[in-house]
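Undergrad: What follows is a predicted protein model with its sequence.
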Amino acid sequence: MSFSDGAQRAWGQPRRWRRIGAITLAAILGVGSIALADPLPGAAATGTRVAIIVGPGGSQTTANKAWADAAAREALRYTTNVVKAYTPNATWPKVRAAMTGASVVVYVGRGSGFPSVSSSVLRPATHNGFGLNPVAGRDNSTTRYYGETYIRTVKMAPKAVVLLHRADYASGRSPSGYSQPSLSVARRRVDNYGAGFLAAGASAVIAEYSASPAYYVRAIFTQSASLGSTWNGAPAYHGHVTSFSSSRTVGAIGRTDPVSARSGYTRSIVGWPTTTPAPVALACGSSLQAKVDAAPSWSTLDLTGCTYSAGATIERPLTIVGARVSVPTGQRGFIVTASNVTLDSVVITGPQASTYSWNEVGVLGESSISNLVVRDSTIRTFGNSGIWVGPSTNPRITGTTIEDAVYAGIMIISAAGGRVDGNVVRRIGVNGAEANGNNAYGIAVENQGGAVSSDVVVDGNTVETVPTWHGLDTHAGLRISFTNNTVSGAPRALFITTDGSGRKATDITVTGNRFLSPAPATTNLVTVTTYAAARVSVTGNSASGWGSVSFFYDYQGQSTGLVVSGNVITP
């Protein structure tokens, strides 16, 4: 992809790009995927490569990383092969590896160019490249500049696009605190800064000092205009475009667009007016398992808009985004047997929720996994549970809706740490609960005879309609916190009890929760129940709609260290 050097309108006036579907560059971009985490050494990523680089920026580092992350999320919609090199580990060897074969390179960080405020001669070893970490892991301030001499050794994809953000000199501007350059100096800076990248295979180098790269990443993958028109259509467009012919790169054309006619050189583009985007359809494939198996470890597989008729087993670190899965009778949606797996914005629909079926689980995490994340997803209609995880370390279930399951909404087994927060769980055990003695759970933190769950936070969830059993529950949990949840439609809003081995629930915190009416349940009503527990604090909660039902009940009086105070109860 490149930009057109045709009529003045293409350069001097904004031409807003239009979205025409999932498209890319015929000679540059191929359908693939994005790895927000760095791939393991030797991982063979597939599809369009996008390199995201953040150099040390001192106090600006956090903001620079935010810009880079926004660009990575945008690329995630179109390719799974995005590689990050972020300070404090953005060393030249790592950056060079990330850039090799890349069709899009995004850099957010410091710049050093020529003409320079501190040097009277061009120094190719340090000018017109990246400001990076001299060694990995040191800090986010110490900077070594790797100039065009280094950049020229990289072999990017043919006609790659390079996006430079926050880099002094790249767009023509001077570093903060120095006087504005003349137009001729600004043009020389733009020309010099682009030379190494163009020699390394880029078709264009775009510099934006004050604007995020996310717009350009989106445009590269979704617009049908030339790069020049895309540059003109950027939100930061000022309308003061002038052009020049490159003296460093034969045939290249440069443009600057200062804030005013001769001041504020924050935008530029330099390159060749040769190619334009061409559409390529998103390749979902018919098999979710095949897509998962083909994805490199630590990559992100964006399946937004893709629908599958069966689930998949995930056996390597992976992020899956946007898939819609319909699960056949007697099967699971996702079986996760690897650590560091994230399911983001997926929709998993099971076969039925009228009768109990052990195998029917939306997300099943097993094999002692760590760092499973399920977020912003919808899981519905399963004969067992929406989510069943354990044993596990630090699971995170957040922002997800789980509805219509026979046994449990969210079941956490033998967890060491973790959070269950901001979820909606509803209609659990409405049908089929009699197969388990009417046991059904909205959110439960349990064990199955293994290690007790410990240090799990259950916060800010909404649990509705668990008419036969417990809205919230822990069996023998250790240091479990139930905070700021809302429970309604459950005869026992919260139950704290022993496990099958007689191990006690210990150091349980219950605060800030709202326990609303148990209706439609009418029997065995108690708002908060303990049994043989130790050191349980129930403070600062509210209950309403329970009539004359007891707010708190210690079954058989066997618990110790109970604190129940400051709760507001409205019949």
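TA: Nice, thanks for sending it over.

Undergrad: tell me the pLDDT at residue 70?
TA: On pLDDT, residue 70 comes in at 95.

Undergrad: Phi first, then psi, for the residue nearest to it when sequence neighbours are not counted.
TA: Leaving aside its sequence neighbours, residue 70 sits nearest to residue 214 (CB to CB, 6 or more residues apart in numbering; 4.3 Å). Any C-beta I mention is one placed from the backbone N, CA and C, and that applies to glycine too. Backbone torsions for residue 214, taken as degrees, to the nearest 10, come to phi -60, psi -40.

Undergrad: I'd like the distance between residue 113 and residue 508.
TA: 60 Å (CB to CB, to the nearest Å).

Undergrad: In terms of neighbours, single out the busier of the two.
TA: For residue 113 versus residue 508, neighbours defined as other CB atoms under 10 Å are more numerous around residue 113 (30 against 25).

Undergrad: Show the contacting residues for that one.
TA: Shown in contact with residue 113 (CB atoms under 8 Å, 6 or more residues apart in numbering): 127-128, 168-170, 189, 192-193.

Undergrad: And those, which two are furthest apart?
TA: Among those, the pair separated by the greatest distance (CB to CB) is 168 and 192, at 12.8 Å.

Undergrad: Neighbour count: those two, which is higher?
TA: Neighbour totals were compared for residue 168 and residue 192, and residue 192 leads with 26 against 22 (other CB under 10 Å).

Undergrad: Torsion angles phi and psi at that one?
TA: phi -60, psi -40.

Undergrad: Is the closest residue to residue 111 other than its chain neighbours in a helix, a strand, or coil?
TA: Sequence neighbours aside, residue 167 is the residue nearest to residue 111 in space, at 3.0 Å (criterion: CB to CB, 6+ apart). Using DSSP: H, G, I helix; E, B strand; the rest coil, the structure places residue 167 in coil.

Undergrad: so what's residue 167 up against?
TA: 107, 109-111, 131, 193, 207, 209.

Undergrad: For residue 57, see how far away it is.
TA: Going from residue 167 to residue 57 by CB to CB gives 10 Å.

Undergrad: same question, residue 397
TA: Taking CB to CB as the measure, residue 397 falls 34 Å from residue 57.

Undergrad: So between those two, which is more surrounded?
TA: Relative neighbour count places residue 397 above the other of residue 397 and residue 57, with 30 against 20, counting by other CB under 10 Å.

Undergrad: Wasn't the more buried one part of a helix?
TA: No: judged by three-state DSSP, residue 397 forms no part of a helix; its state is strand.

Undergrad: Go ahead and confirm it touches residue 410.
TA: Yes: assessed by CB atoms under 8 Å, residue 397 is found in contact with residue 410 at 5.7 Å.

Undergrad: pLDDT at the residue nearest in space to the middle of the chain, what is it?
TA: For the chain, the residue nearest the mean C-alpha position is residue 73 (6.8 Å; CA atoms, centre = their mean). For residue 73, the model assigns a pLDDT of 92.

Undergrad: what is the rounded mean pLDDT of stretch 96-108?
TA: On average, the pLDDT along stretch 96-108 is 92.

Undergrad: Ends of that stretch, what's the gap?
TA: Start to finish, the residues bounding stretch 96-108 are 15 Å apart (CA to CA, to the nearest Å).

Undergrad: Residue numbering should commence at 8 henceforth.
TA: Let's use 8 as the start, then, which means that last one is stretch 103-115.

Undergrad: what distance separates that stretch from the middle of the whole chain?
TA: Chain-centre distance of stretch 103-115: 20 Å, with CA atoms, centre = their mean, to the nearest Å.

Undergrad: now do stretch 456-471
TA: Worked out by CA atoms, centre = their mean, stretch 456-471 lies 23 Å from the chain centre.

Undergrad: Ramachandran angles for residue 372?
TA: Reported as degrees, to the nearest 10, the phi and psi values for residue 372 are phi -100, psi 130.

Undergrad: That one bridge partners, please.
TA: Note on residue 372: beta-bridge partners residue 343, residue 396, judged by DSSP bridges.

Undergrad: any residues in contact with both of residue 404 and residue 417?
TA: Here residue 404 and residue 417 have 394, 427, 430 as joint contacts, going by CB under 8 Å, 6+ apart.

Undergrad: For the chain, which segments count as helices?
TA: Along the chain, the stretches classed as helices by DSSP state H are 15-19, 68-83, 99-106, 155-158, 190-206, 221-229, 234-239, 295-301.

Undergrad: Highest mean neighbour count out of those?
TA: helix 234-239 (a mean of 26; mean count of other CB atoms under 10 Å).

Undergrad: can you tell me the average pLDDT over that one?
TA: Averaged across helix 234-239, pLDDT comes to 87.

Undergrad: which other helices and strands contact it?
TA: Contacts defined by 3 or more CB pairs under 8 Å, 6 or more residues apart in numbering; DSSP states H and E place helix 234-239 against helix 15-19, strand 209-215, helix 221-229, strand 274-278.

Undergrad: List just the one of those that sits closest to residue 362.
TA: Checking these against residue 362 by CB to CB gives helix 221-229 as the closest, at 45.4 Å.

Undergrad: Kindly calculate the angle that that closest one makes with helix 68-83.
TA: 20 degrees (axes from the mean of the first three to the mean of the last three CA atoms, to 10 degrees).

Undergrad: Report the separation between the closest residue to residue 508 other than its chain neighbours and residue 128.
TA: Excluding its sequence neighbours, the residue lying closest to residue 508 (CB to CB, 6+ apart) is residue 456, at 6.8 Å. Distance of residue 456 to residue 128, computed by CB to CB: 74 Å.

Undergrad: same deal with residue 217?
TA: Here the distance between residue 217 and residue 128 works out to 29 Å (CB to CB).

Undergrad: The two: who's more crowded?
TA: residue 217 (13 against 8).

Undergrad: In contact with the residue lying closest to that one once chain neighbours are set aside, which residues?
TA: The shortest distance from residue 217 to any non-neighbouring residue, by CB to CB, 6+ apart, is to residue 273 (5.0 Å). The contact partners of residue 273, by CB under 8 Å, 6+ apart, come to 178, 180, 215-218, 243, 264-266.

Undergrad: Pull out the buried members of those residues.
TA: Among those, those classed as buried by 16 or more other CB atoms under 10 Å are 178, 180, 215-216, 218, 264-266.

Undergrad: and which of those is nearest to residue 311?
TA: Closest approach between the buried ones among the contacts of residue 273 and residue 311, by CB to CB: residue 218, at 25.2 Å.

Undergrad: so that closest one makes contact with residue 244?
TA: No: counting by CB under 8 Å, residue 218 stays clear of residue 244, with 9.6 Å between them.

Undergrad: any residues in contact with both of the two?
TA: Common neighbours of residue 218 and residue 244, counting by CB under 8 Å, 6+ apart, are residue 274.

Undergrad: residues in contact with the residue nearest to residue 439 when sequence neighbours are not counted?
TA: Counting by CB to CB, 6+ apart, residue 439 lies nearest to residue 413, which is 4.0 Å off, once chain neighbours are set aside. By CB under 8 Å, 6+ apart, the contact set of residue 413 is 360-364, 389-391, 435-436, 438-440, 442, 447.

Undergrad: In ChimeraX, how would I select the buried members of those?
TA: Those of those that count as buried under 16+ other CB under 10 Å are selected in ChimeraX with:
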select :360,363,364,389,390,391,435,436,438,439,440,447
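
Undergrad: number of nearby residues for residue 66?
TA: 8.

Undergrad: Residue 312 too?
TA: 12.

Undergrad: right, and residue 470 touches residue 476 too?
TA: No: using CB under 8 Å, residue 470 is not in contact with residue 476; the gap is 11.5 Å.

Undergrad: who has more neighbours, these two?
TA: Between residue 470 and residue 476, residue 470 has the larger neighbour count (other CB under 10 Å), namely 29 against 25.
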